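Peer 1: Give me a model of this one.
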Amino acid sequence: MDTTTSFRENMIRRGIEANRIGPRLYQGSKPPFGRNLQRAGFDILALCALEHQPRARAFPGIEVLHVPLDDADHPPSELEWRLALGAAKHIALGVRAGRRALVTCMQGRNRSGLVTALSLHFLTGQPGRVCTSYVQQARTAAPALTNDFFVGALASID
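Peer 2: Below you'll find the model as predicted:
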(Lines give C-alpha, C1' and ligand atoms only; values in the text may rest on other atoms or scores of the structure.)
Protein backbone atom coordinates (compact mmCIF):
# COMPACT_ATOMS: atom_id res chain seq x y z
CA MET A 1 0.00 0.00 0.00
CA ASP A 2 1.48 3.40 -0.93
CA THR A 3 1.73 6.27 1.52
CA THR A 4 -0.98 8.31 -0.25
CA THR A 5 -3.47 5.46 0.14
CA SER A 6 -2.44 4.96 3.78
CA PHE A 7 -2.82 8.67 4.46
CA ARG A 8 -6.27 8.74 2.80
CA GLU A 9 -7.43 5.80 4.90
CA ASN A 10 -6.08 7.48 8.04
CA MET A 11 -8.09 10.64 7.23
CA ILE A 12 -11.28 8.66 6.71
CA ARG A 13 -10.76 6.78 9.99
CA ARG A 14 -10.42 10.12 11.79
CA GLY A 15 -13.54 11.70 10.24
CA ILE A 16 -11.66 14.07 7.92
CA GLU A 17 -13.35 14.67 4.56
CA ALA A 18 -10.75 16.01 2.13
CA ASN A 19 -9.09 15.49 -1.22
CA ARG A 20 -5.41 15.66 -2.05
CA ILE A 21 -4.87 18.63 -4.34
CA GLY A 22 -1.09 18.48 -4.47
CA PRO A 23 1.82 17.09 -2.47
CA ARG A 24 1.01 17.83 1.19
CA LEU A 25 -1.90 20.11 0.16
CA TYR A 26 -5.48 19.03 0.88
CA GLN A 27 -8.90 20.67 0.55
CA GLY A 28 -11.92 19.64 2.57
CA SER A 29 -15.07 20.47 4.45
CA LYS A 30 -15.59 21.44 8.10
CA PRO A 31 -12.84 19.72 10.10
CA PRO A 32 -13.39 17.66 13.25
CA PHE A 33 -12.41 19.18 16.59
CA GLY A 34 -9.73 17.62 18.74
CA ARG A 35 -6.48 15.90 17.90
CA ASN A 36 -7.72 14.03 14.81
CA LEU A 37 -6.03 16.44 12.39
CA GLN A 38 -2.71 16.17 14.20
CA ARG A 39 -3.02 12.38 14.45
CA ALA A 40 -3.76 12.21 10.74
CA GLY A 41 -0.53 14.06 10.01
CA PHE A 42 -1.65 17.62 9.34
CA ASP A 43 0.44 20.56 10.51
CA ILE A 44 -1.53 23.56 9.16
CA LEU A 45 -5.29 24.15 9.08
CA ALA A 46 -6.90 27.05 7.21
CA LEU A 47 -10.46 27.80 8.34
CA CYS A 48 -12.04 29.70 5.43
CA ALA A 49 -15.73 29.72 6.39
CA LEU A 50 -16.86 33.09 7.74
CA GLU A 51 -19.42 31.36 9.97
CA HIS A 52 -17.01 28.72 11.33
CA GLN A 53 -14.01 30.28 13.07
CA PRO A 54 -13.43 28.27 16.26
CA ARG A 55 -10.40 29.12 18.38
CA ALA A 56 -7.10 27.43 17.60
CA ARG A 57 -7.30 25.45 20.85
CA ALA A 58 -10.09 23.39 19.27
CA PHE A 59 -7.36 21.79 17.12
CA PRO A 60 -4.46 20.91 19.47
CA GLY A 61 -1.04 20.57 17.86
CA ILE A 62 -2.10 22.32 14.65
CA GLU A 63 -1.20 25.77 13.37
CA VAL A 64 -4.59 27.36 12.64
CA LEU A 65 -5.02 30.13 10.07
CA HIS A 66 -8.23 32.14 10.36
CA VAL A 67 -9.34 33.21 6.90
CA PRO A 68 -13.01 34.25 7.29
CA LEU A 69 -14.43 34.48 3.76
CA ASP A 70 -18.00 35.03 2.61
CA ASP A 71 -19.24 32.78 -0.21
CA ALA A 72 -21.66 35.41 -1.46
CA ASP A 73 -22.92 36.80 -4.73
CA HIS A 74 -20.23 39.48 -4.98
CA PRO A 75 -16.46 39.60 -5.51
CA PRO A 76 -14.20 39.10 -2.50
CA SER A 77 -13.70 42.34 -0.59
CA GLU A 78 -10.22 43.86 -0.48
CA LEU A 79 -9.81 42.54 3.07
CA GLU A 80 -10.96 39.03 2.11
CA TRP A 81 -8.60 39.01 -0.87
CA ARG A 82 -5.66 40.06 1.32
CA LEU A 83 -6.53 37.39 3.90
CA ALA A 84 -6.78 34.71 1.20
CA LEU A 85 -3.48 35.77 -0.39
CA GLY A 86 -1.69 35.90 2.96
CA ALA A 87 -2.95 32.47 3.99
CA ALA A 88 -2.06 30.98 0.59
CA LYS A 89 1.49 32.34 0.77
CA HIS A 90 1.88 30.96 4.29
CA ILE A 91 0.51 27.56 3.24
CA ALA A 92 2.83 27.43 0.22
CA LEU A 93 5.85 28.18 2.44
CA GLY A 94 4.75 25.49 4.89
CA VAL A 95 4.22 22.89 2.16
CA ARG A 96 7.64 23.70 0.68
CA ALA A 97 9.11 23.14 4.15
CA GLY A 98 7.55 19.66 4.30
CA ARG A 99 4.46 20.49 6.33
CA ARG A 100 1.01 19.12 5.44
CA ALA A 101 -1.85 21.63 5.04
CA LEU A 102 -5.63 21.24 5.07
CA VAL A 103 -7.70 24.11 3.68
CA THR A 104 -11.36 23.98 4.75
CA CYS A 105 -14.70 25.71 4.65
CA MET A 106 -18.15 24.35 5.46
CA GLN A 107 -18.62 22.22 2.33
CA GLY A 108 -15.09 22.30 0.95
CA ARG A 109 -16.11 24.01 -2.27
CA ASN A 110 -15.61 27.72 -2.88
CA ARG A 111 -13.84 29.48 -0.02
CA SER A 112 -11.43 26.62 0.55
CA GLY A 113 -11.13 26.33 -3.23
CA LEU A 114 -10.06 29.96 -3.52
CA VAL A 115 -7.31 29.61 -0.91
CA THR A 116 -6.21 26.22 -2.26
CA ALA A 117 -5.97 27.53 -5.84
CA LEU A 118 -3.98 30.54 -4.62
CA SER A 119 -1.69 28.19 -2.68
CA LEU A 120 -1.14 26.17 -5.84
CA HIS A 121 -0.31 29.36 -7.70
CA PHE A 122 2.37 30.24 -5.13
CA LEU A 123 3.70 26.67 -5.17
CA THR A 124 3.83 26.20 -8.94
CA GLY A 125 3.80 29.67 -10.51
CA GLN A 126 0.94 28.55 -12.75
CA PRO A 127 -1.72 31.12 -13.75
CA GLY A 128 -4.92 31.34 -11.73
CA ARG A 129 -6.99 29.74 -14.51
CA VAL A 130 -4.79 26.65 -14.49
CA CYS A 131 -4.88 26.39 -10.69
CA THR A 132 -8.67 26.81 -10.72
CA SER A 133 -9.07 24.00 -13.23
CA TYR A 134 -6.76 21.75 -11.25
CA VAL A 135 -8.68 22.29 -8.00
CA GLN A 136 -11.99 21.68 -9.79
CA GLN A 137 -10.70 18.35 -11.14
CA ALA A 138 -8.96 17.20 -7.95
CA ARG A 139 -11.75 18.06 -5.49
CA THR A 140 -13.96 15.04 -6.12
CA ALA A 141 -16.03 15.07 -2.91
CA ALA A 142 -17.91 18.26 -3.88
CA PRO A 143 -18.01 20.50 -6.94
CA ALA A 144 -15.28 23.06 -6.26
CA LEU A 145 -15.00 26.71 -7.27
CA THR A 146 -18.51 27.20 -8.57
CA ASN A 147 -18.55 30.82 -7.30
CA ASP A 148 -18.10 32.89 -10.49
CA PHE A 149 -16.66 35.81 -8.52
CA PHE A 150 -13.92 33.66 -7.00
CA VAL A 151 -13.17 32.09 -10.38
CA GLY A 152 -12.99 35.57 -11.93
CA ALA A 153 -10.61 36.79 -9.23
CA LEU A 154 -8.38 33.76 -9.76
CA ALA A 155 -8.46 34.29 -13.54
CA SER A 156 -6.88 37.70 -13.04
CA ILE A 157 -3.68 36.09 -11.70
CA ASP A 158 -0.98 35.46 -14.31
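
Peer 1: Give the rounded mean pLDDT of the helix or strand where residue 83 lies.
Peer 2: Here residue 83 sits within helix 78-96, counting by DSSP states H and E. On average, the pLDDT along helix 78-96 is 97.

Peer 1: List the buried residues of that helix.
Peer 2: 80, 83, 84, 85, 87, 88, 90, 91, 92, 94, 95 (16 or more other C-beta atoms under 10 Å). C-beta: built from backbone N, CA, C; applies to glycine.

Peer 1: Let me see the contact set for the last one.
Peer 2: The one in question is residue 95. When the contact criterion is C-beta atoms under 8 Å, 6 or more residues apart in numbering, the partners of residue 95 are 22, 23, 24, 25, 101, 119, 123.

Peer 1: State the pair within those residues that is farthest apart.
Peer 2: 23 and 119 (11.6 Å; C-beta to C-beta).

Peer 1: Between those two, which is the more surrounded one?
Peer 2: Neighbour totals were compared for residue 23 and residue 119, and residue 119 leads with 29 against 11 (other C-beta atoms under 10 Å).

Peer 1: Could you check the pLDDT of that one?
Peer 2: At residue 119, pLDDT is 98.

Peer 1: is it true that residue 146 touches residue 111?
Peer 2: No: Residue 146 is beyond contact range of residue 111, at 11.4 Å (criterion: C-beta atoms under 8 Å).

Peer 1: Those two: which is more packed in?
Peer 2: residue 111 (30 against 13).

Peer 1: which regions of this structure sit below the pLDDT cut-off?
Peer 2: 1-5 (pLDDT under 70).

Peer 1: go with 80
Peer 2: Across the chain, residues meeting the criterion (pLDDT under 80) sit at 1-5, 8, 10.

Peer 1: what about stretch 41-55, start to end distance?
Peer 2: End-to-end distance of stretch 41-55 (C-alpha to C-alpha, to the nearest Å): 20 Å.

Peer 1: tell me which element residue 46 is part of?
Peer 2: strand 44-49.

Peer 1: in its sheet, what does the helix or strand just after that strand sit against?
Peer 2: With elements assigned by DSSP H and E, the helix or strand that comes after strand 44-49 is strand 63-69. Partners of strand 63-69 in the sheet, by DSSP bridges, are strand 44-49 (parallel).

Peer 1: so the partner strand versus helix 78-96, what angle?
Peer 2: Using axes from the mean of the first three to the mean of the last three C-alpha atoms, to 10 degrees, one finds that strand 44-49 and helix 78-96 are set 160 degrees apart in direction.
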